[in-house]
Every structure is written in structure tokens, then in C-alpha cells.
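In: Okay, predicted coordinates and the sequence, questions at the end:
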Amino acid sequence: MSPLVDIARGYLGTPFHHQGRLPNVGLDCAGVVVCALKACGIAVTDVHGYGRIPANGLFMAAVNKHCDRVDLAAVQPGDLLMFRFRDAPQHIAIVSSVNPTRIIHAYQEVGKVVENSLDAAWTARLVGCYRLKVSA
């Protein structure tokens, strides 16, 4: 199992809070990823002061800085999935398992960090799959 997934599972039930970076107090989708990576000892650039709707490609730039793109068929636990609800990608989740694929994310609609299946509704919003770059 992926240490990133184990840590993210520890955040399940944490209330959703836009720009939140406090596990068990308040997290948004980026906060789940950033906090879990930092807890794994992985240095990651965090962006603050962002709106609910990403602007100027900053969200994707941050993901591309730390990750390589992979195919959905090749995702593994610990990979990241990027989704869109409107025009620009604006939501990120951690793959927690495959066959079936499940994700961990802070989801505003349910008000907390959850783990759920990558069902047809989420697959329709999917815009990319990413794997953390391995440091040399």
C-alpha cells in the first residue's frame, strides 16, 4: 500500500474548508494532497490565496511541476486524478485503490474528506491522471 494513501485515509471525515491545510480541522482537495505529501516527507510547492475557480493555469502548473501524466489504465494507488466541474481543471484526488478505482478527496458537495469510487459521473469530469516525479 502507498504511504500517501495511508496518510490521506487518516484525513477521512475532516471538514471541507476552502484553502484549508489543517488535517482533522479543515482541508480542501489541494490541502489533502499537499498535507499528505508533506507528511510523507515530500517537498511540494503550496499555493495560497487561490479562488474557488482556478485562474491563469496556476493549478495545472503546480501539478505539472511535481507530476508526470499517465494513462487512466496505468494508475496506481498514490497517483493523482484531476477533474473539472466547469471549464478549467479545479479538483484533485488521490487514487486509493485500483480494480475498482477509488479516490480520496475533500469534496465540497458533501462537506468533508471522503473516499469513493471513480464512477461514471467522476470519470466524465476526469481531465488527467498524474504520478509524482521521482527525485533523482
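Out: Now that the structure is in, tell me what you want to look at. Computed from a predicted structure; not experimentally measured.

In: mind listing what's buried in stretch 119-136?
Out: Buried residues in stretch 119-136, counted by 16 or more other CB atoms under 10 Å: 122, 126, 128-132. For the C-beta atoms, the positions are set from N, CA and C on the backbone; glycine is no exception.

In: quick one: which of those residues is nearest Lys38?
Out: Leu132 (12.7 Å; CB to CB).

In: Distance of the nearest residue to the closest one once chain neighbours are set aside relative to Pro89?
Out: Counting by CB to CB, 6 or more residues apart in numbering, Cys67 is the residue found nearest to Leu132 once chain neighbours are left out, at 5.6 Å. Using CB to CB, to the nearest Å, Cys67 is found at 12 Å from Pro89.

In: any idea where the helices of this structure begin and end?
Out: Applying DSSP state H to the chain gives helices spanning 3-9, 29-39, 58-66, 120-125.

In: Mean pLDDT and distance to Gln19 added to those helices, as a markdown table?
Out: Output for these, formatted as a markdown table (pLDDT from 0 to 100; distance: least, CB to CB, whole Å):
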| stretch | mean pLDDT | distance to Gln19 |
| --- | --- | --- |
| helix 3-9 | 97 | 18 |
| helix 29-39 | 96 | 7 |
| helix 58-66 | 84 | 13 |
| helix 120-125 | 96 | 21 |
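
In: Pull the most distant pair out of the buried residues of stretch 119-136.
Out: Top of the distance list for the buried residues of stretch 119-136 (CB to CB): Trp122 and Leu132, 20.8 Å.

In: what does the worst-scoring helix or strand of the chain on mean pLDDT rub up against?
Out: Using mean pLDDT, DSSP states H and E, the weakest-scoring helix or strand in the chain turns out to be helix 58-66, at a mean of 84. For helix 58-66, contacts defined as CB atoms under 8 Å, 6 or more residues apart in numbering pick out 30, 44-45, 47, 50, 54, 80, 82, 88-90, 92, 128, 130, 132-133.
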